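1. no sequence for this one, just the structure:
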């Protein structure tokens, strides 16, 4: 289904509890919350700079794409400010540009890529994150594999154990791992 600019998004879709979800956002804010339902809910305002929000698929694979108009002012009310609820055990891939991201309650694996945006929150599964010009502040309670790469951003990581691979080109890294 499609949601057009300047409207509030209220979209629900059936989804498997361990399904795959792909989210793409250019310019805005994205909050990803895991919950104990077999559905995905996308809600929040789609600003005037949002051409449309495409929510497609169902069951094992769902895609959420925020399509922006060509010109935009980052940090304005014209961008998408979405809250996406997913089944907690979902595997989620998120690609962001000029978008801040926060997650809580997701127990499945996370693959996060951002340019000019911060990543924060807590994750229950394995985490793979890459950022250019953005900070990473994550708590990874049960991750067995963690890979975080940052160019021009700080990394603050807590929890997890197992295999950890952290690198930053121009930024500080603070790591506090759980007892293994």
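-> Perfect, I can see it now. From a predicted model like this one, the values you see are computed outputs, not experimental measurements.
2. Which SSE is immediately downstream of the longest strand along the chain?
-> When the chain is parsed with DSSP state E, its longest strand is strand 8-35. Scanning forward in sequence from strand 8-35 by DSSP states H and E, the next helix or strand is strand 39-45.
3. Buried residues, the following helix or strand past that next one. List them.
-> Under the assignment DSSP H and E, the closest C-terminal helix or strand after strand 39-45 is strand 50-68. For strand 50-68, burial by neighbour count (16 or more other C-beta atoms under 10 Å) applies to 50, 52-55, 57, 62, 64, 66-68. No exception for glycine: its C-beta is placed from N, CA and C like everyone else's.
4. Can I get those in CSV including distance to residue 146?
-> Output for the buried residues of strand 50-68, formatted as CSV (distance: C-beta to C-beta, whole Å):
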residue, distance to residue 146
50, 33
52, 35
53, 31
54, 31
55, 30
57, 28
62, 25
64, 25
66, 27
67, 32
68, 31
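5. Find the centremost residue of this protein, please.
-> Taking C-alpha atoms, centre = their mean, the centroid of the chain lies closest to residue 94, which sits 4.7 Å from it.
6. quick one: that one and residue 166, what's the gap?
-> To residue 166, residue 94 is 19 Å away according to C-beta to C-beta, to the nearest Å.
7. Residue 87 now?
-> 29 Å.
8. number of nearby residues for residue 130?
-> Counted by other C-beta atoms under 10 Å, the residues lying close to residue 130 total 19.
9. Please name the bridge partners of it.
-> Applying DSSP bridges to residue 130 gives these bridge partners: residue 113, residue 149.
10. ok, for residue 42, nearest residue in space, not its chain neighbours?
-> Spatial nearest neighbour of residue 42, excluding adjacent residues (C-beta to C-beta, 6 or more residues apart in numbering): residue 11 at 4.4 Å.
11. thought the one you found was touching residue 52?
-> No. Applying C-beta atoms under 8 Å as the test, residue 11 and residue 52 come out as separate, 11.7 Å apart.
12. Residue 14 - how many residues pack around it?
-> Neighbour tally, residue 14, other C-beta under 10 Å: 12.
13. Against residue 177, how distant is it?
-> 37 Å.
14. go on, residue 143?
-> Plainly put, residue 143 is 10 Å away from residue 177 if you go by C-beta to C-beta.
15. same deal with residue 7?
-> The gap separating residue 7 from residue 177 is 44 Å, by C-beta to C-beta.
16. likewise residue 171?
-> 19 Å.
17. Repeat that for residue 136.
-> Look at residue 136 and residue 177: by C-beta to C-beta, they are 15 Å apart.
18. Pick out whichever of these two has more residues nearby.
-> Just comparing residue 136 and residue 177: by other C-beta under 10 Å the higher neighbour count belongs to residue 136, 26 against 15.
19. Perfect, that will be all.
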